[in-house]
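J.: Fold the following for me, if possible:
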Amino acid sequence: MTSPTWLPDLAGFAGPKYLALGHCLREAVRAGDLPEGTRLPPVRDLAWRIGITPGTVARAYQIATQEGLLQTAVGRGTFVATANPRRGPTQPLMSEPPEAGVAGAVAVDLRSPQLPDVGQGAAIGAVMTAIATRIGPDFLDYPYLRRDRPLREALVGWLDDCRIGPVDADDIVLTNGGQNGLTIILQCCLWGDRPQIFAEELAYPGFRHAARLNRAEVVAVAIDDQGMRADALDAACRRHGGRIVCITTEAQNPTTVRMTPERRAEIVAVARAHDLQIIEDDCYSVRDGRTQALRALAPERTWHVTSLSKSIAAGLRFGTVVCPTGRGEAGRLTAQHNQFGIARPVTDIILGLMQSGEAARLRERVQAVFARRLALAVSAFAGRDLAWQEGLSFVWLRLPQGWRASTYARRAAEAGVLIRSADEYALVDGHAPNAVRIALAAGIDEARFVAALDSLARLLDNPPGDLCV
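T.: Below you'll find the model as predicted:
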């Protein structure tokens with residue numbers, strides 16, 4: 001069943017059009033104007049009929065899908081969900097690699113940072129060869145909690161330059177990457193039917209997916225050029241009574257902002273006043289140790305998350321959580337209940353890389369390549385409103401007048417370059433500026449990377465003249 005006659009009326013709604021359209025969708029479903037199973041109009045058709053951009057419609061559909069109001073079927077379209085919609089994930093967390101187009105060309109993918117090949121395969125292979133010579137009956141057993149202690153001890157040294165305060169092996173939980181770390185923390189800290197948690201109004205999408213898995217509602221908190229606003233967090237706590245706040249202090253994703261020491265102290269004061277647990281997402285940390293992390297300022301309530309995905313190899317799926325003081329055992333038990341433990345071959349590989357010093361050497365080589373790619377990006381967008389940070393693997397481009405983020409991203413894709421619009425990072429009640437995140441794809445040939453940047457820069461000079469409001 002389709003609904004060719006449904007036409008939402010956005011008049012009278014202040015604020016972004018995608019929120020107005022989302023409201024109309026909810027009201028139409030509740031009133032029965034859009035019964036269960038109804039197929040919604042295609043994005044471009046509805047955009048044309050009501051005079052807004054396709055990107056605005058797509059974002060409203062995406063948010064409604066995340067809420068469980070709608071569901072999608074590949075190749076068939078978007079439908080009103082059944083009365084008992086599937087509560088689990090509704091869309092992939094990662095973007096699939098681009099396929100060849102009609103002319104056989106593959107788009108340059110600048111949606112997520114790609115690590116350069118600086119010898120990781122050879123280093124990992126050498127460790128695996130050494131491991132193979134000593135595999136014994138202990139590989140037949142489960143990865144009991146005490147068996148990973150040597151790796152946790154090695155990680156204490158690895159984390160030493162993060163300025164996270166005193167840490168020992170008992171504070172550390174091993175995880176299958178940073179995303180798994182987020183899920184474990186939420187499982188440790190959340191209770192109640194529909195707990196509320198806070199995040200930056202522009203935030204890593206994986207956090208809201210982890211929250212959804214844990215039946216939690218994410219509340220957007222305003223940010224500025226210093227990161228999350230402490231006064232906005234305080235107001236949100238008074239209004240919603242949440243239990244957890246997730247913050248990126250060193251390299252805010254996607255804006256690249258680094259939180260000042262003064263703002264960190266203010267955030268900690270609010271968290272203590274409202275007894276909030278803090279998740280400090282440090283997966284993109286530039287690791288220069290200039291400023292104390294929240295874990296050092298509030299060790300009694302901060303869960304510090306990091307991984308090797310942005311520094312050595314994402315395929316290893318290895319990360320760590322540094323728990324609040326005295327909570328390490330609870331964190332490791334939660335991880336064990338979640339997955340029994342990290343696979344023995346993985347922990348042995350990571351331990352071998354760290355004990356040999358190869359992990360640190362690989363990280364330095366990766367950072368050197370990203371530094372080169374960053375310099376190329378800054379040069380390509382010279383004179384533009386570009387935010388970046390030394391050591392970071394993405395930049396944040398604020399678009400000139402005449403462009404909307406969703407339109408720019410679509411035109412870039414048509415030109416063979418994939419990037420992420422600010423819309424993809426905005427929470428349901430958050431604000432999405434006219435900006436895009438451009439990742440430093442160090443896994444592709446430098447010439448193709450430079451050509452993609454040049455294409456994006458040229459596109460800025462030719463805004464469309466038919467943007468709808």
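J.: Find the centremost residue of the protein, please.
T.: The residue lying closest to the centre of the chain (CA atoms, centre = their mean) is Tyr204, at 2.7 Å.
J.: which residue packs closest to Val273, ignoring adjacent ones?
T.: For the record, residue 273 is Ala, not Val. Nearest residue to Ala273, sequence neighbours excluded (CB to CB, 6 or more residues apart in numbering): Asp234, at 7.4 Å. C-beta: built from backbone N, CA, C; applies to glycine.
J.: Ala154 now?
T.: Per CB to CB, 6+ apart, closest to Ala154 is Met354, 4.4 Å.
J.: cool, Gly157 as well?
T.: Spatial nearest neighbour of Gly157, excluding adjacent residues (CB to CB, 6+ apart): Met354 at 7.7 Å.
J.: Please name the residues that touch the residue nearest to Ala154.
T.: Under the criterion of CB atoms under 8 Å, 6 or more residues apart in numbering, the contact list for Met354 reads Leu151, Ala154, Leu155, Gly157, Trp158, Ala360.
J.: Save those residues as CSV, and put in secondary structure too.
T.: Converted to CSV, the contacts of Met354 look like this (DSSP: H, G, I helix; E, B strand; the rest coil):
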residue, secondary structure
Leu151, helix
Ala154, helix
Leu155, helix
Gly157, helix
Trp158, helix
Ala360, helix
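J.: What subset of those residues is buried?
T.: With burial judged by 16 or more other CB atoms under 10 Å, the buried subset of the contacts of Met354 is Leu151, Ala154, Leu155, Trp158, Ala360.
J.: ranges for the helices of the stretch 101-250 of the chain?
T.: Applying DSSP state H, counting those that start in this stretch to the stretch 101-250 of the chain gives helices spanning 120-132, 149-158, 177-189, 205-213, 230-240.
J.: And the contacts of the fourth one?
T.: Okay, so that is helix 205-213. The contact list for helix 205-213 (CB under 8 Å, 6+ apart) reads 66, 88-89, 93, 178-179, 182-183, 186, 197, 199, 217-218, 246, 281, 424-425, 427.
J.: from those residues, which would you call buried?
T.: Buried members of the contacts of helix 205-213, scored by 16+ other CB under 10 Å, are 66, 178-179, 182-183, 186, 197, 199, 218, 246, 281, 424-425, 427.
J.: give me every residue that touches the residue nearest to the centre of the chain.
T.: Thr248, Asn253, Asp281, Tyr425.
J.: how does this protein divide into domains?
T.: Domain assignment of the chain by automatic domain parsing yields the ranges 17-80, 138-356.
J.: Can you say which of those domains is packed in most?
T.: Mean neighbour count, computed with mean count of other CB atoms under 10 Å, is highest for domain 138-356 among the domains of the chain, reaching a mean of 20.
J.: starting at the chain centroid, how far to that domain?
T.: The chain centre lies 13 Å from the centre of domain 138-356; the measure is CA atoms, centre = their mean, to the nearest Å.
J.: before we move on, what about stretch 51-67?
T.: For stretch 51-67, the gap between its own C-alpha mean and the chain's C-alpha mean amounts to 20 Å (CA atoms, centre = their mean).
J.: Alright, calling it a day.
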